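K.L.:
Prediction below, plus the sequence it came from.
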Amino acid sequence: MNLLRKYWPDLGILVGVITGIGIGINLQNMSELNLILWLSFVAILVHQFEEYRWPGYFGGLFNVVIFKSEHPERYPLNTQSAMVINLIIAYVFYLLPVLFPNVIWLALAPIFMGFFQFIWHGIFANLKAKTVYNPGLFAVLVFHFPIGGWYIHYIVTHHLAGAVDWVIGSVYFITAVYLLIIKGNMWLKNMNSPYSFSKKQLGPYSTKSL
């Protein structure tokens, strides 16, 4: 568990690279819908690597800038909660649509989450931190936005999404954000957690200057 806790972002980017190679090898045999969903899965792996490995100081941003924590190395977000939440998001929330590509609402939720990440990283976090960049924004702009737009265009032009898909997909997205991101961080927070972020993972916020 200690190894997974320490290296899960690296494992994720390795899975992303292997997935990318697999996509390239099987491209001629893949449907466009499957291609988009596999790329969406790769996008979240890149996103998580950017947040927690390189540049990797999302933990500092979250704890210091958003929560003004007195113990930003471990509260409210810590390395254990970050691992649990992000593994569920990547390997359940984002991977299920790949396995069931014809269930449109199942894919709409992570696509919506990708768009929502722009509000969080591109607007909210940057305004709070008085910055123009924070870990995760690159993946949002380069991966989530174009892939999500491609998916929406595809299902609309091919008439794959009915009203029920849009409604259920929206409800599923909101529920996932609430349970995985909002409540998940609250359930797993621990002022005395032994699972602390390093100074590198706190980045420019290691001095608690904000």
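P.N.:
Everything's here; your move.
K.L.:
Could you point out the helix or strand that follows the strand or helix carrying Ile13?
P.N.:
Counting by DSSP states H and E, the element that carries Ile13 is helix 2-26. Helices and strands here follow DSSP H and E; after helix 2-26, the next one along the chain is helix 32-52.
K.L.:
Okay, buried residues for that next one please.
P.N.:
33, 35-52 (16 or more other C-beta atoms under 10 Å). Using the backbone N, CA and C atoms, a C-beta is placed for each residue, glycine as well.
K.L.:
Does anything pack onto the helix or strand following it? Which helices or strands?
P.N.:
Next helix or strand after helix 32-52 toward the C-terminus (DSSP H and E): helix 58-60. Where contact means 3 or more C-beta pairs under 8 Å, 6 or more residues apart in numbering; DSSP states H and E, helix 58-60 is packed against helix 32-52, helix 199-202.
K.L.:
pLDDT averaged over the longest one - what is it?
P.N.:
I take that to be helix 32-52. Helix 32-52 shows a mean pLDDT of 98.
K.L.:
Which of the helices and strands packed on helix 58-60 sits closest to Pro76?
P.N.:
Nearest to Pro76, of all the helices and strands packed on helix 58-60, is helix 199-202, at 13.9 Å by C-beta to C-beta.
K.L.:
Return the residues in contact with the residue nearest in space to the middle of the chain.
P.N.:
What sits nearest the mean C-alpha location of the chain, by C-alpha atoms, centre = their mean, is Ile44, with 4.8 Å. For Ile44, the contacting residues are 89-90, 94, 110, 114, by C-beta atoms under 8 Å, 6 or more residues apart in numbering.
K.L.:
Which of the residues you listed lies at the shortest distance from Trp8?
P.N.:
Among the contacts of Ile44, and counting by C-beta to C-beta, the member closest to Trp8 is Ala90, at 9.2 Å.
K.L.:
Model confidence for that closest one, exactly?
P.N.:
Reported pLDDT for Ala90: 98.
K.L.:
Am I right that it is in contact with Val46?
P.N.:
No. When contacts are counted by C-beta atoms under 8 Å, Ala90 is not listed as touching Val46 (10.5 Å).
K.L.:
Tell me which of the helices and strands packed on helix 58-60 lies nearest to Ile155.
P.N.:
Taking the helices and strands packed on helix 58-60 one by one with C-beta to C-beta, helix 32-52 is closest: 8.0 Å.
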